[in-house]
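A.B. asks: need the 3D shape of this:
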Amino acid sequence: MAVFEVLCGFVALLLALYYFLKSPQFWEKNNIPGPKPFSVFGNFLPVIIGRRSLGDQMANFYKQYKHEPVFGLYLQTELVLAINDPDLIKTVLIKDFSQFSNRGLRVNEKTEPLSQQLFSLEPERWRPLRTRLSPVFTSGKLKDMFSLILDCSNTLEKYMGTLVSKGECIEVREVASRFTTDVIGSCAFGVDMNAMSKTQCRFREIGKEFFGPSLKQHLKHKLRENFPRVYTLLGYVLPTDDNTTFFTNAVLDMIEYRRKNNIVRLDFINTLMDLQDHPEKLSIELTKHLLVAQAFVFFVAGFETSSSTIANALYELAQHQDVQDKLRNEIKKHYELTNGEWQYEDVKNMPILDAVFKETLRKYPPLPILMRKNTEDYTFENMKLTIPKNTRIFIPLYAIHRDPDIYPNPDVFDIDRFKKSAIAARHPMHYLPFGDGPRNCLGARFAIFQTKIGLIKILRTYKVDVCDQTQIPYINQERSFLLAPKHGLVLKITNVDS
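C.D. replies: From the prediction side, this is the model:
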């Protein structure tokens, strides 16, 4: 009997090992091309262990299969359908959005209460929140915020002067992130965060840690995405993260202070207060952390993506002095026309600035891929392909933006790509820095204006150039969810008249 039990155990072990090592076969059976997965680790082992960024990994796959409308991948054992064809991309993002309204990101309310924010939420909670938060970002509201952004940009100009006077090369990502932290604080929360002062800014440190490439952040992300049950259990064992506690208390204190003092300010905090006062309009349970999480995503996404774009633009302009001179001349022209009193419409009517901004986002889109999940079984009729519910959809945005068949000489920073004739010649789904469709970037308008104003204020007065510490070429950080440089963006900055 003992021998039989040992034999059964041995057979069970062999079967378990066989199924563990056996590669999934779904795409092969459906005649969808794609790279062979490595056992149950799928096609993303270098990403999982932090050896390659997701954008770079997808770019490698895209080069092999870009002439296919789609190709199949495996994220461990999960199905991933990568979509290259622009008409299929439009189908997913816009035409059949209702069936692809889920981003497919994990939300862990126990271990990370602030993960339940608009960017990651499932459709059931995303829809009502998106509807109620959208009015914060209308053109009218942005015009009201414009003076606040200008005030912060004046502080940026003075802060730059202090740094330039030291005669040292400057890490422009840090400078830009301090500026955008102040802008978010002023426009969204009605508080002065003093990120450009000598005083340590706790909000700035929170944002820096959230998007930092630390091993801790990398492990948290991988546990949340790949081992959600284990990650949830940690929430019962580990104490609440200090940054979560600080941010939650800060937002709730802002709300309480305004209520006690009858302060009305038409900003993001006021919108959250309105949600508290009328929860019945949401048709979902509005918990404390769900409320605060919406402020959190606006804060971290608002400062990080815009600051990265400012820094990346300066990095490219430092290497392309001719473009920098054209942009500075345009800035000076508008400065003279307005006597230095910048208006909302002035920033909208600066074609060179707009082209620099767009070309920067082409080369460095903050999100290297757009993610979706289908909410039910879905058939791509032209391909006769049916994918099961909860298949991940990856749109390789970074790779598409760097495709030489779409953007000739893609590594070259060329603002002529955004002349009207060039734009008209491209498929609109070949440029998606803010996504598209109902689940596009809610704060896109805000991001555009704070980025452009930051560039105006820096380039009107200062010249940017490369220095011995400038890292060329640009290398992507392997552990970052967003596109970010592995190195700092260090530049030489001097007064224009010097």
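A.B. asks: what about stretch 457-465, how long is it end to end?
C.D. replies: Distance between the two ends of stretch 457-465: 16 Å, counting by Cα to Cα, to the nearest Å.
A.B. asks: residues in contact with it?
C.D. replies: Residues outside stretch 457-465 that contact it (Cβ atoms under 8 Å, 6 or more residues apart in numbering) are 153-154, 156-157, 160-161, 164, 172, 310, 314, 317-318, 321, 324, 327-328, 331-332, 335, 491-496. For every residue, glycine as well, the C-beta is placed using N, CA and C.
A.B. asks: now go through the residues you listed and say which are in helices.
C.D. replies: The helices, defined by DSSP state H, take in 153-154, 156-157, 160-161, 164, 172, 310, 314, 317-318, 321, 324, 327-328, 331-332, 335 from those.
A.B. asks: pull out the buried members of those.
C.D. replies: Neighbour counting with 16 or more other Cβ atoms under 10 Å marks 153, 156-157, 160, 164, 172, 310, 314, 317-318, 324, 327-328, 331 as buried within the ones in helices among the contacts of stretch 457-465.
A.B. asks: and after the lowest-mean-pLDDT helix or strand in the chain, which helix or strand comes next?
C.D. replies: For the chain, the helix or strand with the lowest mean confidence is helix 2-21, at a mean of 50 (criterion: mean pLDDT, DSSP states H and E). For helix 2-21, the succeeding helix or strand toward the C-terminus, using DSSP states H and E, is helix 26-29.
A.B. asks: what packs against that following helix?
C.D. replies: Packing partners of helix 26-29 (3 or more Cβ pairs under 8 Å, 6 or more residues apart in numbering; DSSP states H and E): strand 70-75.
A.B. asks: could you grab the helix/strand/coil label for the nearest residue to residue 416 once chain neighbours are set aside?
C.D. replies: Nearest residue to residue 416, sequence neighbours excluded (Cβ to Cβ, 6 or more residues apart in numbering): residue 422, at 6.6 Å. Assigned with DSSP: H, G, I helix; E, B strand; the rest coil, residue 422 falls in the helix class.
A.B. asks: where does pLDDT dip in the stretch 51-200 of the chain?
C.D. replies: 198-200 (pLDDT under 70).
A.B. asks: mind running it again at 90?
C.D. replies: For the stretch 51-200 of the chain, applying pLDDT under 90 flags the ranges 76-77, 105-115, 135-145, 147, 185-200.
A.B. asks: that one: strands as residue ranges?
C.D. replies: Taking DSSP state E, counting those that start in this stretch to define them, one finds strands in the stretch 51-200 of the chain at 70-75, 78-83, 170-171.
A.B. asks: could you check the angle strand 78-83 makes with the first one?
C.D. replies: This points to strand 70-75. Our comparison of strand 70-75 with strand 78-83, counting by axes from the mean of the first three to the mean of the last three Cα atoms, to 10 degrees, yields an angle of 150 degrees.
A.B. asks: so which elements touch strand 70-75?
C.D. replies: The contact analysis (3+ Cβ pairs under 8 Å, 6+ apart) places strand 70-75 against helix 26-29, helix 54-65, strand 78-83.
A.B. asks: kindly report the same for the second one.
C.D. replies: Secondary structure elements in contact with strand 78-83, counted by 3+ Cβ pairs under 8 Å, 6+ apart, are helix 54-65, strand 70-75, strand 392-395.
A.B. asks: could you export those as CSV, including distance to residue 382 and mean neighbour count?
C.D. replies: CSV is the format used below for those (distance: least, Cβ to Cβ, whole Å; neighbours: other Cβ atoms under 10 Å):
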stretch, distance to residue 382, mean neighbour count
helix 54-65, 18, 20
strand 70-75, 11, 22
strand 392-395, 16, 24
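A.B. asks: which one of these lies closest to residue 443?
C.D. replies: Closest approach to residue 443 among those (Cβ to Cβ): strand 392-395, 20.1 Å.
A.B. asks: pLDDT of that closest one, averaged?
C.D. replies: For strand 392-395, the mean per-residue pLDDT is 98.
A.B. asks: what's the next secondary structure element after it?
C.D. replies: helix 397-401.
A.B. asks: now that next one: buried residues?
C.D. replies: By 16+ other Cβ under 10 Å, the buried positions in helix 397-401 come out as 397, 398, 399, 400, 401.
A.B. asks: related to what we said a few turns ago, wait, which of the strands of the stretch 51-200 of the chain is closest to residue 139?
C.D. replies: strand 78-83 (31.7 Å).
A.B. asks: contact partners of that closest one?
C.D. replies: 24, 26-27, 32, 34, 42-43, 58, 61-62, 65, 69-74, 89, 92, 387-388, 391-396.
A.B. asks: adjacent strands (with direction) for it?
C.D. replies: Sheet pairing of strand 78-83 (DSSP bridges) gives strand 70-75 (antiparallel), strand 392-395 (parallel).
A.B. asks: among the ones you listed, which comes closest to residue 180?
C.D. replies: The nearest among the strands paired with strand 78-83, by Cβ to Cβ, is strand 392-395 at 26.2 Å.
A.B. asks: thinking again about what came up before, got JSON lines for the helices and strands packed on strand 70-75, with distance to residue 305 too?
C.D. replies: Formatted as JSON lines, the helices and strands packed on strand 70-75 follow (distance: least, Cβ to Cβ, whole Å):
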{"stretch": "helix 26-29", "distance to residue 305": "33"}
{"stretch": "helix 54-65", "distance to residue 305": "14"}
{"stretch": "strand 78-83", "distance to residue 305": "23"}
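A.B. asks: so which of the ones you listed gets nearest residue 112?
C.D. replies: So among the helices and strands packed on strand 70-75, helix 54-65 is nearest, using Cβ to Cβ, at 19.6 Å.
A.B. asks: and the closest one with strand 78-83, angle?
C.D. replies: Using the same axes, to 10 degrees: helix 54-65 against strand 78-83 is 60 degrees.
A.B. asks: that older thread, need the buried ones among the ones in helices among the contacts of stretch 457-465 in TSV with distance to residue 374, can you?
C.D. replies: Shown next, in TSV, are these (distance: Cβ to Cβ, whole Å):
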residue	distance to residue 374
153	43
156	44
157	48
160	47
164	52
172	41
310	36
314	40
317	41
318	43
324	45
327	43
328	48
331	46
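A.B. asks: which pair in these spans the largest distance?
C.D. replies: Greatest spatial distance among these (Cβ to Cβ): 153 and 318, at 20.0 Å.
A.B. asks: beta-bridge partners for the residue lying closest to residue 73 once chain neighbours are set aside, please?
C.D. replies: Spatial nearest neighbour of residue 73, chain neighbours left out: residue 80 (4.0 Å); criterion: Cβ to Cβ, 6+ apart. For residue 80, the beta-bridge partners are residue 73, residue 392 (DSSP bridges).
A.B. asks: any weak-confidence spans in the stretch 351-498 of the chain?
C.D. replies: 381-384, 479-482, 497-498.
A.B. asks: which stretches of it form helices?
C.D. replies: 351-363, 397-401, 420-425, 444-461 (DSSP state H, counting those that start in this stretch).
A.B. asks: same for the shortest one, what does it pack against?
C.D. replies: This points to helix 397-401. Using 3+ Cβ pairs under 8 Å, 6+ apart: helix 397-401 touches helix 54-65.
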